[in-house]
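# I would like to see how this sequence folds:
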Amino acid sequence: MARLKRLTTPKFWRISKKRTKWAVSPRAGAHKKMDSIPLQVVLRDILKLVETGKEAQTALKQRQILVDGRVVKDHAFAIGLMDVIAIPKIGKYYRVITSKDGLKLLEIDQKESEKKLCKIVGKRTLGKGKIQLNLHDGRNILLEKSEKSFKTGDSLVLEMPSQKIAEHLPLEKGTTILVFEGKDTGHIGKVKNIVVTESKEPNKVIFEEEGVEDETIIDHAFVVGKSKPVVKVSE
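Okay, here's the model as predicted:
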């Protein structure tokens, strides 16, 4: 089993740094190790639904935990931004959001748990008239080549677990973004302008939050709605 020294784990894991030397490491996958939380830690240390790692693993083996609508039994499964955790047995549902302190779990209702926001981080043309959209959580969506309106930086609202596209949220003036990295992490605002630098400098998004204008690089902006977020992404 892959392990991390507890002293090196992110603060948002909320685990004791001194109780033991080691902590379970998130399984390599869609989310970066330091930008995710192993499912065992979510159940034991953040939600406090179990007292030990063994109890967490038992609950998972009993198929009690769903992530994005699918049963997960791996205690080291990496939970990351916008993932949706469902525990139907006790009627609890959560979305992973970001804040200035790092990742956190936001309680949502069952209806909201059936939707997931995904950012398009890549797009490529395949053969046979298909295009592939690469999403921030590692999943890929295949579409007809004629559907050219989808661009890198846009977001999709997916129905879970079918992965059917319920809504397309373009990154453009007037849409609402969540800043998920950088100094303004956790801020939510409306896009005022998109600055294409045409140089080595990264493209930027100018946004307004409660009357105050700010900016972030385009890679740190996550479209969460048009006039307002389409799902709950803040407390």
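
# so what's residue 204 up against?
Applying Cβ atoms under 8 Å, 6 or more residues apart in numbering to residue 204 gives the contacts 194-195, 197, 215-218. For every residue, glycine as well, the C-beta is placed using N, CA and C.

# skipping its backbone neighbours, what lies nearest it in space?
In space, and not counting its chain neighbours, residue 204 is closest to residue 195: 4.4 Å by Cβ to Cβ, 6 or more residues apart in numbering.

# verify the contact between that neighbour and residue 203 for me.
Yes: with contact defined as Cβ atoms under 8 Å, residue 195 reaches residue 203; the gap is 6.3 Å.

# what residues sit buried inside the particular helix or strand that has residue 106 in it?
Using DSSP states H and E, residue 106 maps to strand 102-108. Residues of strand 102-108 classed as buried under the neighbour-count rule (16 or more other Cβ atoms under 10 Å) are 102-106, 108.

# and if you look at stretch 126-139?
Residues 131, 133-137 are the ones in stretch 126-139 that count as buried (16+ other Cβ under 10 Å).

# take these and lay them out in JSON lines including secondary structure.
As requested, the buried residues of stretch 126-139 are exported to JSON lines (DSSP: H, G, I helix; E, B strand; the rest coil):
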{"residue": "131", "secondary structure": "strand"}
{"residue": "133", "secondary structure": "strand"}
{"residue": "134", "secondary structure": "strand"}
{"residue": "135", "secondary structure": "strand"}
{"residue": "136", "secondary structure": "coil"}
{"residue": "137", "secondary structure": "coil"}
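
# who does the lengthiest strand in the chain pair with, and is each partner parallel or antiparallel?
The single longest strand within the chain, with elements called by DSSP state E, is strand 115-125. If you go by DSSP bridges, strand 115-125 pairs up with strand 130-135 (antiparallel), strand 155-159 (antiparallel).

# skipping adjacent residues, who's closest to residue 187 in space?
Residue 187 sits nearest to residue 179 (Cβ to Cβ, 6+ apart), 4.7 Å away.

# in this protein, which spans are helices?
Remark: helices of the chain, listed N- to C-terminal, are 39-41, 53-61; assignment by DSSP state H.

# tell me which of the ones you listed is the most buried.
Comparing the helices of the chain by mean neighbour count (mean count of other Cβ atoms under 10 Å), helix 39-41 comes out on top with a mean of 25.
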